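Asker: Sequence first, predicted coordinates after that:
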Amino acid sequence: MISGFFEESIIKRAQDKKLVEIEIINLRDFAIDDYGTVDDRPYGGGAGMILRVDVIYKALSKITNNKLQMANEIKNSKFKTKTVLTSAKGKQFNQAKAIEYLKFDHLIIIAGHYEGVDERILDYVDEEVSLGDFIMTGGEIASAAITDAVARLISGVLKKEEATLQETFSIKGENLLEYPQYTRPENFQGLKVPKVLTGGNHKEIEKWRLEMAKKETRKKRPDLLDIGK
């Protein structure tokens, strides 16, 4: 479902250059039968199907190369490993999370699906994360988005690494939206590029960009300005 996403553009080039290694694990490879069963009806009744804890555990065991004492092995590994589950009940993923995940050598993302996962799998998960307060048919898209957000921060992935230093949610060290950007033509149907950007005064440009970043944030995401207050 998501393999094609990683075979294009920047992420593909990052893999070709061995800057990041992405392995997609098909949960059905660990099904309980030849039919490919990975889920079952919820105890207590209710709509939907639940991903089985034993199936996910088997997949995690293979990834960590240790079927016994898997949770302890992860904690004691010489590599820093993080295991997350995409879930509508999780903490909201944001740029700060992407930067946090960058510190780990191995990031394991379990894509939630169907009605959810057996609660017991949380004993083997470090954190639940969500893209926002909405529901999708599965966590595959969320997993791909998280992978992309983290991978682009790895040194060498982007041609110009400074692109990650001044962007939305990271303007001059502040949690702000990015300032407006313009390119040619300078005048399009009467809509002109702000003069400050064409004047060549870099100090004034920097000042204007910070002011506009704050203006954009106040207008579109005032909630970001309340963080930390």
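Answerer: Good, I have the coordinates. Numbers count the residues shown, from 1 in each chain.

Asker: Give me the helices and strands touching the longest helix seen in the chain, please.
Answerer: If you go by DSSP state H, the chain has its longest helix at helix 202-220. In terms of contacts (3 or more C-beta pairs under 8 Å, 6 or more residues apart in numbering; DSSP states H and E), helix 202-220 is packed against helix 222-225. Quick note: C-beta positions are derived from backbone N, CA and C, even for glycine.

Asker: Out of the helices and strands in the chain, which is least certain?
Answerer: Least confident helix or strand of the chain, by mean pLDDT, DSSP states H and E, is helix 70-76 with a mean of 55.

Asker: Report all helices and strands that whichever helix or strand comes after that one contacts.
Answerer: Downstream of helix 70-76, the first helix or strand assigned by DSSP states H and E is strand 81-92. Helices and strands touching strand 81-92, by 3+ C-beta pairs under 8 Å, 6+ apart, are helix 95-101, strand 106-111, strand 116-117, strand 127-130, helix 140-151.

Asker: Out of the ones you listed, which is closest to residue 216?
Answerer: Proximity to residue 216 (C-beta to C-beta) singles out helix 95-101 among the helices and strands packed on strand 81-92, at 15.5 Å.

Asker: buried sites along the closest one?
Answerer: 97-98, 101 (16 or more other C-beta atoms under 10 Å).

Asker: and if you look at stretch 48-61?
Answerer: 49-53, 55-61.

Asker: repeat for stretch 28-38
Answerer: Buried residues in stretch 28-38, counted by 16+ other C-beta under 10 Å: 30-31, 38.

Asker: Look up how far residue 180 lies from the residue of the chain most remote from its centre.
Answerer: Residue distances from the centre of the chain (C-alpha atoms, centre = their mean) peak at residue 190, which lies 39.2 Å from the mean C-alpha position. According to C-beta to C-beta, to the nearest Å, residue 190 stands 17 Å off from residue 180.

Asker: do residue 47 as well
Answerer: Going from residue 47 to residue 180 by C-beta to C-beta gives 46 Å.

Asker: neighbour-wise, which of those two wins?
Answerer: Higher neighbour count among residue 47 and residue 180: residue 180, with 14 against 7, using other C-beta atoms under 10 Å.

Asker: residue ranges with poor pLDDT in the chain?
Answerer: 65-78, 161-168, 170, 227-229 (pLDDT under 70).

Asker: Can you give me the domain boundaries for the protein?
Answerer: When the chain is parsed with automatic domain parsing, its domains come out as 3-151, 166-225.

Asker: what's the neighbour count on residue 218?
Answerer: 13.

Asker: does it really touch residue 224, like I thought?
Answerer: No - counting by C-beta atoms under 8 Å, residue 218 sits too far from residue 224 to count as a contact (9.2 Å).

Asker: Need the helices and strands packed on strand 81-92 in a markdown table (columns: distance to residue 82).
Answerer: Formatted as a markdown table, the helices and strands packed on strand 81-92 follow (distance: least, C-beta to C-beta, whole Å):
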| stretch | distance to residue 82 |
| --- | --- |
| helix 95-101 | 6 |
| strand 106-111 | 5 |
| strand 116-117 | 18 |
| strand 127-130 | 7 |
| helix 140-151 | 10 |
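
Asker: which of the ones you listed sits most buried?
Answerer: For these, the largest average neighbour count (mean count of other C-beta atoms under 10 Å) is found in strand 116-117, namely a mean of 22.
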